[in-house]
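Okay, here's the prediction I keep looking at, along with the sequence it came from:
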Amino acid sequence: MKRTYRRISPSFPAGIFLALALTLVIALACGGEADTPTPVLSPTAVPTLVPSPITAPAPTTAPVPTTAPAPTATSVPTAAPSPTATPSPYPLTIMGSNGKAVTFTGPPERIVAIDSAAVEVLFAIGEGSRVVGTHDFVTFPPETAQVQRVGSAFALNLEQIAILEPDLIFIFFESPVADLETLGVPVLYSDPPADLGEVADNIRLWGEIIGEVEKADGLALEFEASIAEIQERLSQISEGPRVYHDEAPGLWTTGSGSLADQVYSFLKAENVFRDMEGYAQISAEELVARDPQVIISVHVEGPEIFRGNPAFSGISAVVNGRLIAIDGSLLGVPGPRVVLGIQEIAKALYPDLFE
Amino acid sequence: MGLARNRRPPREAVHPSPGARLLSLPYLSSHLAVALLALVVIVIVAGGIGSVYIPPLDMLKIVADKAPLLSLEHTWPESWDTIIWQIRFPRVILAVLVGGALAISGATYQGLFRNPIADPYLIGVASGAGLGATLLLVTELPIYSHGLSLLPIAAFAGGLLAVSIAYSIARQSGGLPLTTLILAGVAISSLASAAISLLIIRSDPDVRPVLAWLLGGFGGTQWRDVQIVLPYLVPGVVIMIAYSRILNLFQVDEDEARQLGVNVERTKLILIGAASLTTAAAVSVSGLIGFVGLIAPHAVRLIWRHDHRVLLPLSMMVGAGFLVLSDLVARTIVSPSELPVGVVTAFCGGPFFLYLLRRRGRVTL
């Protein structure tokens, strides 16, 4: 899990150092529990929950291969008196990840969505106009440039949110929930999807919330179909290559529990740092010893860094020129675009199978 | 700052006579020889240990194989060669250079400012370098050019710029009052730290590279990094050692030094320049590593002596050895992951220093 840090105390130089050292130590100390809400608002925020590896299941009915259980937030059917023929789903009660229920009497029209994935889903099903506010680091789709920004993880601007007069505030981490509730607007907190199956569940959840079940279901089915197609092509592969996932310069990688790691398992590849948890900075000699066959960088400088360092010249991936940079934002946001990231990685891992 | 008056350097260090100089020579060299030997042992041991286990015998063979005229049968995997020569040794050697540079700069600043809490970052090098690095990371500028990180260059420039500003402000007030210089440095540091915070908060939150840099570390060191810093470190260190006798004079009184024919203002400029250049070069490749520049010289003072001719080179050895060992801990304790070395220097250095203080009583310069 990516950690972002609080302000550095502006004091003399040793102050910077000590503050950072402390922050890091604290961060390391509580780094184990990946599901502790570390407030990161970022297009590259990867949810890290309990790793539920995607295993190839019975190929018969379910199109999405996942052992994932329930979606992150669950809708609870409320006794809906429906006199008409097409039953209205409202009132609708959604249970947040913190156990707090939010009841909708109608589709929310003015949503402040503090979550990159939610924004992507809403725009993807053509309901982007409902998003009246979002956090500072949302970049996709481009139309979101017009959406009012309400701050970042550390500094949510409550006044700005209030003046937008939202009828729903949606957020993917828990720490600011209590503050947000003071605005008197329903606050739904839901952990981000933890695996590929939950991505589709999350899309459907939004369909229910805004009363556009069919549109959302269409998008979810499309997502599931793309995943199933990739899986179909992979059926002839029994064992994929060893992969090093290059998350950021300085040998940062992601271990088990990350979305990236799940993608590699899904693609039958072996993340060479599976034994790590969450985000970690690894030692160069360990990388040389584990000798990955492919290096996937989610930042553009990656391939050049590995080519340029004589220490890595003996690594199989470097020897065979299998250094690939992909768009990091694709795997960073657990929204519908994840499938594009998976396709890119699939191409990198199996150039013959995917073109 | 009358701290210096409590304990003067030995008389022969202040007013050297030919005889005294001869007398001090063996003393100096025997201590240095022991320290150097210890450092060499530390370097070899650190080179032999890492997150990947390489048996000591093989490690020695790999090292011996590099010696001219010797050619051994390669009974080890090729990757061990890479690990020893391209990963561990560049890293260990860089830690030697950075530790030595920080310690000798710290000793020089402490002597020059006659201030026991002076450290190599005192007059703005650290926060200036931090601002330079952060600016590069948050802008659209490329961080890498042809696989070479531009971070050290930005940090180096930022560090030297901050010191120059502090220096020229202090100069405005006539002469070079060291207190004014320290205060100017502190003000500039605060300003730069605030700017770093602002940039980090206002930018895309992928700040791991800058945080890792600010915390200091030797991950990913290559021989190239050693080549980059060496040209800056060597002249700086040579100048500081050459001026170590004059630093002794400074301990007594600036006026007395002046009477003895020392150009005080020029000496200050040269020593500040040398120490800042050395620090900025070290910081640019390793990030901010705290404690080394503060505790290595004090450890030498507490255990051995105060004569700057001994103090400066010994501090360098102690700082180098300490940093190599700290880095060894940083890269092995949570293997296969790593810790920023700054965390280790603070965790190990702090208690060790407190222990020294408790045992030896008061600190004097």
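Received the coordinates, thanks.

show me where the chain has strands.
Let's take chain A. A:74-76, A:92-95, A:101-104, A:111-114, A:131-134, A:148-149, A:168-171, A:187-189, A:242-246, A:252-254, A:270-271, A:279-281, A:294-297, A:323-325 (DSSP state E).

Correction: the question concerned chain B.
Using DSSP E, strands in chain B cover B:144-145, B:148-149.

So what's the residue count around residue 156?
If you meant another chain, say so; for now it's chain A. By the criterion of other CB atoms under 10 Å in any protein chain shown, A:Leu156 has 22 neighbours. In short, each C-beta sits where N, CA and C put it, glycine included.

ah, no, chain B please
B:Phe156, neighbours per other CB under 10 Å, totals 25.

Spell out which parts of the stretch 101-250 of chain A neighbour chain B.
A:Phe137, A:Ser152, A:Ala153, A:Phe154, A:Ala155, A:Ala248, A:Pro249, A:Gly250 (CB under 8 Å from any CB of the partner chain).

quick revisit: take the strands of chain A and lay them out in TSV including mean pLDDT.
Listed next are those as TSV, based on pLDDT from 0 to 100:
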stretch	mean pLDDT
strand A:74-76	58
strand A:92-95	88
strand A:101-104	89
strand A:111-114	94
strand A:131-134	94
strand A:148-149	91
strand A:168-171	94
strand A:187-189	94
strand A:242-246	96
strand A:252-254	90
strand A:270-271	95
strand A:279-281	84
strand A:294-297	96
strand A:323-325	95
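
Out of the ones you listed, flag the one nearest B:Asp307.
strand A:279-281 (41.9 Å; CB to CB).

chain center to that closest one: distance?
Averaging C-alpha positions (CA atoms, centre = their mean, to the nearest Å) puts strand A:279-281 17 Å from its chain's average.

May I have the strands that pair with it, each with its orientation?
strand A:252-254 (antiparallel) (DSSP bridges).

follow-up on the earlier one: okay, the strands of chain A, which one's buried deepest?
strand A:111-114 (a mean of 29; mean count of other CB atoms under 10 Å in any protein chain shown).

For it, name the packing helices and strands.
When contacts are defined as 3 or more CB pairs under 8 Å, 6 or more residues apart in numbering or on different chains; DSSP states H and E, strand A:111-114 sits against helix A:116-124, strand A:131-134, strand A:168-171.

Pull the residues that contact the longest one.
With CB atoms under 8 Å, 6 or more residues apart in numbering or on different chains as the contact definition, helix A:116-124 has outside contacts at A:41-43, A:45, A:111, A:113, A:128, A:130-131, A:134-135, A:137-138, A:140-141, A:143-144, A:147, A:170, A:172, A:192-193, A:199, A:202-203, A:206, A:210, A:216, A:219, A:332-337.

Tell me the buried residues in it?
A:Ser116, A:Ala117, A:Ala118, A:Val119, A:Glu120, A:Val121, A:Leu122, A:Phe123, A:Ala124 (16 or more other CB atoms under 10 Å in any protein chain shown).

Show the contacting residues for A:Gly133.
Counted by CB under 8 Å, 6+ apart, A:Gly133 has contacts A:Ile111, A:Val112, A:Ala113, A:Val147, A:Gln148, A:Arg149, A:Val150, A:Gln160, A:Ile161, A:Leu164, A:Pro166.

whoops, I mixed them up, B:Ala38
B:Met317, B:Gly321.

Ok, B:Val138 next?
Per CB under 8 Å, 6+ apart, neighbours of B:Val138: B:Leu199, B:Ile200, B:Ser203, B:Asp204, B:Val210.

Tell me the confidence at the last one?
As predicted, B:Val210 sits at a pLDDT of 72.

now the buried residues of helix A:116-124 as a markdown table including pLDDT?
Conversion of the buried residues of helix A:116-124 to a markdown table gives the following (pLDDT from 0 to 100):
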| residue | pLDDT |
| --- | --- |
| A:Ser116 | 91 |
| A:Ala117 | 92 |
| A:Ala118 | 93 |
| A:Val119 | 94 |
| A:Glu120 | 94 |
| A:Val121 | 94 |
| A:Leu122 | 94 |
| A:Phe123 | 95 |
| A:Ala124 | 93 |
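
who's in contact with B:Asp253?
Taking CB under 8 Å, 6+ apart as the definition, B:Asp253 has no contacts.

you'd agree B:Ala118 is up against B:Val125?
No: using CB atoms under 8 Å, B:Ala118 is not in contact with B:Val125, being 11.9 Å away.

Give me the more crowded residue out of those two.
B:Val125 (35 against 25).

Check the more buried one and give its pLDDT.
87.

next one: the one 4 residues further on
What the model reports for B:Ala129 is a pLDDT of 87.

residues near it, how many?
Neighbours around B:Ala129, by other CB under 10 Å: 34.

Ok, the one 10 residues further on next?
Other residues lying near B:Thr139 total 12 when counted by other CB under 10 Å.

Please apply the same query to A:Glu198.
Counted with other CB under 10 Å, A:Glu198 comes out at 24.

mind listing what the spatially most central residue of chain B touches?
Central residue check for chain B by CA atoms, centre = their mean: the C-alpha nearest the mean position is that of B:Leu102, 1.3 Å away. Counting by CB under 8 Å, 6+ apart, B:Leu102 makes contact with B:Pro120, B:Thr279, B:Ala282, B:Ile289, B:Val292, B:Gly293, B:Ala296, B:Gly319, B:Leu323.

For it, which non-adjacent residue is closest in space?
In this structure, B:Leu102 finds its nearest non-sequential neighbour in B:Gly293, 4.0 Å apart by CB to CB, 6 or more residues apart in numbering or on different chains.

wait, doesn't the one you found sit right on B:Ser105?
Yes: if you go by CB under 8 Å, B:Gly293 and B:Ser105 touch, sitting 5.9 Å apart.

Give me the common contacts of these two.
B:Pro120, B:Thr279.
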